[in-house]
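Enquirer: Fold the following and give me the result.
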Amino acid sequence: MAHERSSGSWLSPSGYEEDIRAVLAPRLAYFEAVARHEHVTRAAHELGVPQSTLSRAMVRLEADLGVALFARRGRTVSLTPAGRTFLGSAERALAEVEKAADSVRADADPTAGRVSFGFLHTMGSETVPALIRAFRVDHPRVRFQLVQNYGEAMIERLRAGGLDLCLTSPVPDAPDLVARRLDEQRLRLVVPDDHRLASRRRIRLAEAADETFVTLEPGYGLRRITDDLCAEAGFTPRVAFEGEEAETLRGLVAAGLGVALLPPPAVARPGVVELTVTAPRAAREIGVAWLDGHPDTPPVAAFKRFLLSRRGHLLPD
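Expert: Model (predicted):
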């Protein structure tokens, strides 16, 4: 039940919900110390503030709340029933603040902090595990929060502050991002092993103009590259299936559902033949991106330097 406000110095009804946080937050630690010591002078000594400052702060707190929190006997005080109720909530709030502070300090620890790192599905089986393994040789205690997704989703998460860095393709070009090209990956036309083209080693993409394709969904970087390469070869691909994961597409190619433009697999898959595309040049650039102007914690800065040092040899042979 809200307390009636009879003093002009109390919080205005219209701004109460917003004002109360600004008023209470700085005073919670003062209140908790006075309640714990039941003595204003001892609490002031612990907090390192003048006794008069602490006394005035408690008077203002009671005035803003509209209730008496303390019964006073000189500089000795005791909690009223309202004060005991308020103390329980204040202690929980201060504990949460301390917990949050400990968490962000731990994340920024140079030797044992946290890196939020996003990467493409096709980077997950081999490339990213190898990168983390190599990085942790010199940084064994750094923790990773990993997110595997398609490029556009990772960029949005980067902008929202949910990622420190992301490994993506195509390399983004946006004014709010910094992106660095790290490597290039050749794409292959994957066909069933009983396909009319399966005996070939190389192919011009235009020769697949009449084929049915299985592709990733719109929004995936590899889908955009596929569409662009087919357009450059003079045709629009006829799509039988749109998926979310490259190895699923490779399996559907083996089942005879269509052909696909895909990066090399981590492990060779039976039932398909992978052809080198000679024209147009079929490749995708892999890069790392981060939010421009966003300050790095020491572990993030170290991992960023490590990724940039892998330029030209990011991908496994």
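Enquirer: What residues of stretch 295-310 count as buried?
Expert: By neighbour count on 16 or more other CB atoms under 10 Å, the buried set for stretch 295-310 is D296, T297, P299, V300, A302, F303, K304, L307, R310. All C-beta spots, glycine's among them, are computed from the backbone N, C-alpha and C.
Enquirer: Redo those residues as TSV? Include distance to G48.
Expert: Formatted as TSV, the buried residues of stretch 295-310 follow (distance: CB to CB, whole Å):
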residue	distance to G48
D296	33
T297	29
P299	33
V300	34
A302	36
F303	39
K304	39
L307	44
R310	49
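Enquirer: Of the residues you listed, which belong to helices?
Expert: Within those, residues falling in helices by DSSP state H are P299, V300, A302, F303, K304, L307.
Enquirer: Can you tell me which of these is closest to G243?
Expert: Checking those against G243 with CB to CB, the nearest one is L307 at 28.0 Å.
Enquirer: Not counting sequence-adjacent ones, nearest residue to the closest one?
Expert: Spatially, and ignoring its direct neighbours in sequence, L307 is nearest to V288 (5.0 Å; CB to CB, 6 or more residues apart in numbering).
Enquirer: just R284 next, same as before
Expert: Using CB to CB, 6+ apart, the nearest residue to R284 is S169, at 4.7 Å.
Enquirer: Against I286, how distant is the one you found?
Expert: Distance, S169 to I286, using CB to CB, to the nearest Å: 5 Å.
Enquirer: Next: G234.
Expert: In terms of CB to CB, G234 sits 27 Å off from I286.
Enquirer: what about the two, which has more around it?
Expert: Legend: neighbour count by other CB atoms under 10 Å for G234 and I286, higher for I286 (24 against 10).
Enquirer: Give me the three-state assignment for that one.
Expert: strand (DSSP: H, G, I helix; E, B strand; the rest coil).
Enquirer: beta partners of it?
Expert: With DSSP bridges as the criterion, I286 is bridged to D183.
Enquirer: Any chance you could list residues touching both of S169 and I286?
Expert: Q185 (CB atoms under 8 Å, 6 or more residues apart in numbering).
Enquirer: contacts for the one helix or strand T248 maps to?
Expert: Per DSSP states H and E: T248 is located in helix 246-254. Applying CB under 8 Å, 6+ apart, the external contacts of helix 246-254 come out as 121-122, 190-193, 214-216, 222, 241, 243, 258-260, 262-263, 265, 269-272.
Enquirer: buried ones in it?
Expert: Of the residues in helix 246-254, A246, E247, L249, R250, G251, L252, V253, A254 count as buried by neighbour count, 16+ other CB under 10 Å.
Enquirer: For my notes, please list these in CSV and give pLDDT and distance to T111 for each entry.
Expert: Output for the buried residues of helix 246-254, formatted as CSV (pLDDT from 0 to 100; distance: CB to CB, whole Å):
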residue, pLDDT, distance to T111
A246, 93, 36
E247, 92, 36
L249, 97, 41
R250, 96, 41
G251, 96, 42
L252, 97, 46
V253, 98, 46
A254, 97, 46
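Enquirer: So which of these is the closest to D227?
Expert: Checking the buried residues of helix 246-254 one by one against D227 (CB to CB), the nearest turns out to be L249, at 14.6 Å.
Enquirer: residue contacts, T127?
Expert: For T127, the contact set (CB under 8 Å, 6+ apart) comprises F119, L167, L314, L315, P316.
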